[in-house]
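Participant: output the structure for:
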Amino acid sequence: MWNRKTDTEPRPQTPPAPVSHQPYTAPPQPQPVRVDPPPRRSATILGPNVSVKGEIYSEEDLTIDGDVEGTVELKEGRLTIGPHGKLRAQGLAAREVDVQGVVQGNVRAVDKVFIRKDASLVGDVQTAGIVIEDGAYFKGGIDIQTRK
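Facilitator: Numbering: from 1, shown residues only. Alright, predicted model coming up:
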């Protein structure tokens with residue numbers, strides 16, 4: 001069954017590996033990946049002492065806390081009507097509209113319209129979404145559109 005001769009023959013010995021006396025160093029850890037926040041959009045603020053009649057066209061966010069009469073169009077921006085703001089608009093278009101003051105006129109927003117507590121909006125709204133808080137005044141029609 002088994003061969004006695006091969007079991008009793010001495011096996012060649014390999015010398016042990018030399019021992020290194022260097023201190024242990026951990027493998028390098030991967031560096032965390034730095035993710036920069038998206039670039040901040042610049043914003044323009046029309047303060048409470050500012051009055052504008054005419055047309056406003058902008059590619060940045062706009063806050064109106066003064067008195068504006070005319071057309072306001074923000075290509076991809078957010079329009080905020082501050083608590084002291086009054087806007088009488090022949091046309092109002094923006095990506096998002098946040099009403100905290102008074103707006104008279106039709107509103108067209110690509111994403112959403114917010115009508116905050118103590119705010120007033122009189123006019124028709126065309127948007128993909130709308131939020132009307134308790135205490136807000138709204139008079140007009142709402143046309144919910146799908147996002148394009």
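Participant: give me the below-cutoff pLDDT ranges for this protein.
Facilitator: Counting by pLDDT under 70, the ranges of the chain that qualify are 1-12, 15-22, 24, 34-41, 148.
Participant: need the helices for it, in chain order.
Facilitator: Secondary structure of the chain (DSSP state H): helices at 4-8.
Participant: can you pull out the strands in it?
Facilitator: 43-46, 51-58, 61-64, 67-74, 78-81, 86-99, 102-104, 107-115, 120-122, 125-127, 130-132, 137-139, 142-144 (DSSP state E).
Participant: looking at these, which is buried most?
Facilitator: Most buried of the strands of the chain by mean neighbour count (mean count of other C-beta atoms under 10 Å) is strand 78-81; its value is a mean of 25. For every residue, glycine as well, the C-beta is placed using N, CA and C.
Participant: touching it from outside, list them.
Facilitator: 61-65, 72, 87, 92, 94-103, 119 (C-beta atoms under 8 Å, 6 or more residues apart in numbering).
Participant: one more pass at 6 Å, please.
Facilitator: 61-64, 87, 94, 96-101, 103 (C-beta atoms under 6 Å, 6 or more residues apart in numbering).
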